[in-house]
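> dropping a prediction and its sequence here:
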Amino acid sequence: MIVVTGVPGTGKTAVARLLSKRLSLALIEVNSLVRKKKLHTGRENGSLVVDMKKLATELRGFDGIVEGHVLCELKLPATAVVLRTSPRALKRRLAPRRYSRQKLSDNVEAEALDYCAINAKQNYKKMIQVNTTGLTARQSTAKVIHYLKTRQSDSVDWSSYFLE
Ligand SMILES: Nc1ncnc2c1ncn2[C@@H]1O[C@H](COP(=O)(O)OP(=O)(O)OP(=O)(O)O)[C@@H](O)[C@H]1O
Ligand SMILES: [Mg+2]
């Protein structure tokens with residue numbers, strides 16, 4: 001199993017779709033699965049709150065790619081690919097979504113604080129980070145494939161975001 005995770009807007013859905021084609025692997029998009037199978041406990045700020053136990057049960061034994069931001073908080077027998085995007089670039093990518101100021105800064109700050117990477121490192125045996133800043137979804141996908149093959153990972157440090 002390959003898990004593609006990262007803060008909202010880092011390109012998980014776009015990259016995972018291309019990855020599933022390029023590697024001929026089945027794909028589960030957690031957002032769609034949660035809606036389809038009602039794996040939620042309620043709503044918070046307009047987003048569904050995922051029932052993590054139910055999600056883990058649904059994913060048990062799956063062989064393929066799974067993408068979703070909540071996956072960084074789940075323990076699965078998979079390699080985790082954490083997509084990273086510089087906070088400034090992420091802000092630009094999220095702009096068309098018309099999030100509230102609060103929701104936008106929550107997401108951008110989660111990225112600046114390595115939220116997904118820290119969680120994925122704890123929850124997965126193998127975790128790689130792929131910096132997609134300045135790349136297209138296609139280029140990011142090629143980079144993910146290359147990193148998986150060659151066991152590479154990027155290290156990023158977005159801490160200066162808080163000083164700007
Ligand atoms: N380098 C890149 N890699 C992936 N997507 C990119 C990249 N640059 C721009 N994008 C664009 O960023 C937007 C957000 O991507 P996407 O919807 O895949 O994010 P996501 O991580 O799945 O977000 P969410 O968690 O909200 O589902 C898309 O329009 C996508 O095409
Ligand atoms: Mg998505």
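Thanks, I have the structure now. Because the structure is a prediction, the values reported are computed rather than measured. Residues are numbered from 1 along each chain as shown. Ligands and ions are numbered 1, 2, ... in the order given.
> make it CA atoms for all contacts and neighbour counts henceforth
Will do.
> what about Val156, which helix or strand?
Here Val156 is covered by no helix or strand, with elements defined by DSSP states H and E.
> you'd agree it is up against Asn131?
Yes - taking contacts as C-alpha atoms under 8 Å, Val156 lies within contact range of Asn131: 7.4 Å.
> which one's more surrounded, the two?
Asn131 (19 against 14; other C-alpha atoms under 10 Å).
> what's the neighbour count on the closest residue to the more buried one other than its chain neighbours?
The shortest distance from Asn131 to any non-neighbouring residue, by C-alpha to C-alpha, 6 or more residues apart in numbering, is to Arg84 (4.6 Å). Neighbourhood size, Arg84 [other C-alpha under 10 Å]: 28.
> and Arg84, what's its pLDDT?
Per-residue pLDDT puts Arg84 at 98.
> got it, and the one 5 residues further on?
What the model reports for Ala89 is a pLDDT of 97.
> do the strand or helix carrying it and ligand 1 meet?
Assigned by DSSP H and E, Ala89 belongs to helix 87-94. Yes - Helix 87-94 lies within reach of ligand 1 by C-alpha under 6 Å from any ligand atom, at Arg93.
> just checking, what packs against that helix?
Where contact means 3 or more C-alpha pairs under 8 Å, 6 or more residues apart in numbering; DSSP states H and E, helix 87-94 is packed against helix 101-112.
> average pLDDT for the helix it packs on?
Rounded mean pLDDT across helix 101-112 is 96.
> and it, which residues are buried?
104, 107-112 (16 or more other C-alpha atoms under 10 Å).
> report the angle between that helix and helix 87-94.
Angle, helix 101-112 to helix 87-94, by axes from the mean of the first three to the mean of the last three C-alpha atoms, to 10 degrees: 140 degrees.
> which strands and helices sit next to helix 101-112?
Against helix 101-112 (3+ C-alpha pairs under 8 Å, 6+ apart) you get helix 87-94.
> quick one: distance of the helix it packs on to the chain centre.
Between the centre of helix 87-94 and the centre of its host chain there is 15 Å, according to C-alpha atoms, centre = their mean, to the nearest Å.
> so which bits of that helix are buried?
Here helix 87-94 shows 87, 90-91, 94 as buried, counting by 16+ other C-alpha under 10 Å.
> out of those, the closest to ligand 1 would be?
Leu94 (7.1 Å; C-alpha to the nearest ligand atom).
> so what's that closest one up against?
Listed by C-alpha atoms under 8 Å, 6 or more residues apart in numbering, the contact partners of Leu94 are 9, 104.
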